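Engineer: one predicted model, sequence on top.
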Amino acid sequence: MKRVILGILLLVLLAGVFVLFRLFGPATAFDSDSYFLYIRTGATYEQVLDTLKAENVLRSPAFFNFMAGRMDYPKNVRAGKYEIKKGMSLTSILRMLHNGRQAPVKIVITKFRTLEGLAGAMGKKLEADSAGIGDYLHNNDSLRTFGVDSNTVLAIVMPNTYTYFWNTPPSAVFKKMYATYKAWWTPARIDSAKARGLTPITATTLASIVEEETNMASDKGKIASVYLNRLAKGMRLGADPTLKYATRNFEAKHIYNTDKDVESPYNTYKHEGLPPGPICTPSEGTLEAVLSSPATDYLFFAARSDFSGYTNFSATYQEHQANAKAYQGELRKQEAIRDSKKKTKK
């Protein structure tokens, strides 16, 4: 009789050890360091379980199912992106999913030239796809909350690294970006813009043109001064980057007279003043260069003929013609040398 009781106790003990191991021991079946489980908004528990089975995430989906019911998870499925680390226990996985402890998603904003480009990049990181984000960016009723429209919305998208949850809706995504934008525009910066006849939006629009004109930090403020001087005199900006934006030919190396006839509010050869909104998301450094731009008499600028990337500035058209002629002449020489080398290779 004692042997029978001892046998039963041993079986109970073994069963308990087995259950504890299943609950608190390694429950994952994959070989990589992590597996990311994406649960879409409105997904059911059955869909979550089917994904875990299909992706071979767990050693025992059946035991997961059993314990999920005991922990009331089927009624508490929460959308999001969840990181299941190799070796996690069943209890840890279920608690994470039940409590909605998501893995954060980082969106790095650098330079974007179009709403479509921005929407595409964000759609790769969030549950909302590029089409949905694009629709939001073109919906002026939604954007009115932030004091912008589809032309000016890029002004509030400041280059930075933003952290979200995967299922964050577009409205909340841009609410956070708007908060960053508002925090950057301190009273002192707003006063600097005002002193130059600009608002945060128009200052960003001007900065976006400067951003596309040069990579040289030392030239950015002077280029901004050229455009500010043209605005003050009622001259058209005649900015090549705005033409590239109008035609969406961002890689164009030359601007032709026919390009200047393109009908677009972004064609600053045809229309006076700044374009309707930014033509890219300018860097913080370029914005600062606009806000601290020097007072000059410059009305023109041209690339230096030494191809250093720096710019020559001039107050008169005659000076400008001489600078431009020098650059174009040197450019033709370089092109002739390249063509000659190509023929020699053939």
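Structural biologist: Done, it's in.
Engineer: now do the SS call for the closest residue to Ala121 other than its chain neighbours.
Structural biologist: Leaving out its chain neighbours, the residue that sits closest to Ala121 by Cβ to Cβ, 6 or more residues apart in numbering is Phe112, at 7.0 Å. C-beta here means a position set from N, CA and C on the backbone, and glycine is covered the same way. State at Phe112, reduced to three classes by DSSP: H, G, I helix; E, B strand; the rest coil: coil.
Engineer: what about Phe112, neighbour count?
Structural biologist: Phe112 has 19 neighbours, counted by other Cβ atoms under 10 Å.
Engineer: now it: how far from Leu154?
Structural biologist: According to Cβ to Cβ, to the nearest Å, Phe112 stands 7 Å off from Leu154.
Engineer: Gly234: what's its closest spatial neighbour, skipping adjacent residues?
Structural biologist: The nearest residue in space to Gly234 (Cβ to Cβ, 6+ apart) is Glu272, at 7.1 Å.
Engineer: pLDDT weak spots in the chain?
Structural biologist: 1-25, 339-346 (pLDDT under 70).
Engineer: tell me where it has strands.
Structural biologist: Counting by DSSP state E, residue ranges of the strands within the chain are 34-39, 80-85, 105-109, 160-164, 300-303, 311-314.
Engineer: select, out of those strands, the one closest to Ser171.
Structural biologist: Distance to Ser171, taken as Cβ to Cβ, is lowest for strand 160-164 among these, at 12.0 Å.
Engineer: partner strands of the closest one, with direction?
Structural biologist: Partner strands and pairing direction for strand 160-164 (DSSP bridges) are strand 105-109 (antiparallel).
Engineer: what residues does the strand it pairs with touch?
Structural biologist: Contacts with strand 105-109, where a contact means Cβ atoms under 8 Å, 6 or more residues apart in numbering, come from 81, 118, 121-122, 125-126, 157-166, 168, 173, 177, 281.
Engineer: again, but for stretch 114-123
Structural biologist: The contact list for stretch 114-123 (Cβ under 8 Å, 6+ apart) reads 107, 109, 112, 128-134, 137-138, 150, 153-154, 157, 173, 248, 281.
Engineer: of those residues, keep whichever come out buried.
Structural biologist: Buried members of the contacts of stretch 114-123, counted by 16 or more other Cβ atoms under 10 Å: 107, 109, 112, 128, 130, 132-134, 137, 150, 153-154, 157, 173, 281.
Engineer: what comes up buried for stretch 256-271?
Structural biologist: So for stretch 256-271, counting by 16+ other Cβ under 10 Å, buried means 259, 266-271.
Engineer: good, wrapping up.
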